[in-house]
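Asks: Based on what follows, work out the 3D shape:
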Amino acid sequence: MTNAPAAPPHRPGRPSLKIGMSPGTLIHVGRPPDQAVTVEVCHFEGDGPLEQRVLGRADEAAAYRGVGGVTWIDVNGVHDLAVVEQLGQVFGLHPLLLEDIVNTHQRPKLEVHGDHLFLVLKMLLDDPEADGFEIEQVSVVIGPRYVLTFQERERDTFDTIRRRLQDPATRIRQHGADFLAYALVDTIVDNYFAVLERVGDRIAELEDEILESPGREALGQIFSVKGSLVELRRAAWPLRDALSTMGRGDTPLIQPATLPYLRDVQDHALRVIDTIETYRDMATTLVEMYMSSVSNRLNEVMRVLTVIATIFIPLTFVAGVYGMNFRFMPELAWRWGYPMIWGVMIAIALGLLAFFHRRGWT
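Replies: A predicted model of the protein is given here:
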C-alpha cells in the first residue's frame, strides 16, 4: 500500500473527503455501515468436495492463494478498510483498484491489472416495501484461480450460485474462475429484468389512472418513475461496454469456452437497455397523456360554463331592459306583463338548450 497521510474521520457518503489525498488512499465513500463485515469462502476442484466457510480474519484467505481448484471469496461490506487492505495484500491487488472498491460511486467498468481483471457493476435490489429498488455496487476481481466479490451489504443475491455449487455435476464446477465470474455477472443482470417488470407494471397502472382520473399525485408518480429510469440507464449503459470488452477474450484469464456465455449475458444487458429506453419513452408519453387529459377536462368545464353563460346572456338582457326605471313602459302597466316575461325567458332558455343538444354540446 502507498504511504499516505492518515485519513480523516470516517464520514461515509462524502466524496469530497478524497480531495487532496494521494492516489490509492482508502476512504470509504458510500452508505453508512449498518452491518458487520463478513468474508465467506467457497472452494472447489472439479466434482470434489465443496468447502464453504466464513473467515474469522481476512488474512486467512492467504491459505487459498496458489492452491488448486477455484476459490470464491465473497466480502459483504466494504466499509472496513482493514479487511479490504488485507485481501489486497494477499492477492496482490493494485492500490487504485482497492480505492475503487471502497468508493461505491464508481460507474460500471472493466480494467486489466496484471494477472487479474477488475469489474465494477451496479446490482439492483428489489424493495417491495418501499415500492421501488435499491442500487448497490458490486466489485468483482477475476484471477487465474480465484474470484473476489465485494458487496456493500450482505444480500441473498448470490445464494442461487452457492446452491448450484453444491451440485458436483453443475457446469460451474467443471470450469474455471472465469466461468464462475460469468455466473455471478449473469445473476446480477437477471435481477435487472425482475426490477424492470415492476417498473413496467407501475407504468401500466399509471396509464390506467391517468385515463380514469388524472391528478397531481399521478403526475408526481410519473416523474418518480422517470427518475428511477434515469438511474437504471446510468447503471446499465456502461455495463454494456464492460461486458463487450470482456467478451472479446483479449485476456488469457477468459477461456475460449466461456466467451459464448459472456456474449449471451452481454445480449441480456442489451435487452435491459432496450427495455429501459422503451419505458423512458412510455413515461414521457404518460406526461403528455396527463397534460392532454387535464386539458380535455378543462375544456369540458369551459364548455359547460360557456353553455351556461350563453343561456344567461339573453336572459340578462331581458331582465336588464325591464329593470330600467323609465316611467312610460307599456308592459309595466299590463296585467299579464310579468307572466309574459317569465314565459319569454323560459322559452329562450329551453330553445338554447335544445339547440346546444342538437349540436352535441351538452
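
Asks: counting contacts, what elements does the helix ranked longest in the chain pack onto?
Replies: Counting residues, the longest helix in the chain under DSSP state H turns out to be helix 259-321. Using 3 or more C-beta pairs under 8 Å, 6 or more residues apart in numbering; DSSP states H and E, the elements in contact with helix 259-321 are helix 177-212, helix 216-247, helix 337-359. For glycine as for every other residue, the C-beta is placed from the backbone atoms N, C-alpha and C.

Asks: so how far is the first one off the chain centroid?
Replies: It stands for helix 177-212. Here helix 177-212 is found 9 Å from its chain centre; the criterion is C-alpha atoms, centre = their mean, to the nearest Å.

Asks: and what of the second one?
Replies: Here helix 216-247 is found 5 Å from its chain centre; the criterion is C-alpha atoms, centre = their mean.

Asks: ok so, going back, got the helices and strands packed on helix 259-321 as CSV, with mean neighbour count columns?
Replies: Formatted as CSV, the helices and strands packed on helix 259-321 follow (neighbours: other C-beta atoms under 10 Å):
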stretch, mean neighbour count
helix 177-212, 18
helix 216-247, 18
helix 337-359, 12
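
Asks: okay if I get those helices as CSV plus mean pLDDT and distance to Q106?
Replies: CSV is the format used below for the helices and strands packed on helix 259-321 (pLDDT from 0 to 100; distance: least, C-beta to C-beta, whole Å):
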stretch, mean pLDDT, distance to Q106
helix 177-212, 90, 15
helix 216-247, 87, 10
helix 337-359, 84, 65
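
Asks: so which of the ones you listed comes closest to P23?
Replies: Ranking the helices and strands packed on helix 259-321 by proximity to P23 (C-beta to C-beta) places helix 216-247 first, at 21.7 Å.

Asks: name the helices or strands packed onto the closest one?
Replies: So helix 216-247, by 3+ C-beta pairs under 8 Å, 6+ apart, packs with strand 109-113, strand 116-127, strand 132-142, helix 177-212, helix 259-321.

Asks: tell me the angle that helix makes with helix 177-212.
Replies: Between helix 216-247 and helix 177-212, the angle comes out at 160 degrees (axes from the mean of the first three to the mean of the last three C-alpha atoms, to 10 degrees).

Asks: between helix 216-247 and strand 132-142, how many degrees?
Replies: Angle of helix 216-247 versus strand 132-142, following the same axes, to 10 degrees, is 10 degrees.

Asks: Tell me where the model's unsure across the stretch 1-150 of the chain.
Replies: Within the stretch 1-150 of the chain, the stretches with pLDDT under 70 are 1-21, 24, 128-131.

Asks: Where do the strands of it begin and end?
Replies: When assigned using DSSP state E, counting those that start in this stretch, the strands of the stretch 1-150 of the chain occupy the ranges 38-44, 51-54, 70-76, 109-113, 116-127, 132-142, 146-151.

Asks: which outside residues touch the first one?
Replies: The reference is to strand 38-44. Under the criterion C-beta atoms under 8 Å, 6 or more residues apart in numbering, residues 50-55, 58, 61, 64, 67, 69-77, 83, 87, 154, 162, 165, 173 lie in contact with strand 38-44.

Asks: quick one on the thing from earlier: relative to L219, tell me which of the strands of the stretch 1-150 of the chain wins on proximity.
Replies: Nearest to L219 among these is strand 132-142; the distance by C-beta to C-beta comes to 17.6 Å.

Asks: related to what we said a few turns ago, what would the helices and strands packed on helix 216-247 look like in CSV with distance to P330?
Replies: Below are the helices and strands packed on helix 216-247 laid out as CSV (distance: least, C-beta to C-beta, whole Å):
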stretch, distance to P330
strand 109-113, 95
strand 116-127, 82
strand 132-142, 77
helix 177-212, 57
helix 259-321, 12
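
Asks: what's the closest of the ones you listed to P32?
Replies: Among the helices and strands packed on helix 216-247, strand 132-142 comes nearest to P32, with 13.5 Å by C-beta to C-beta.
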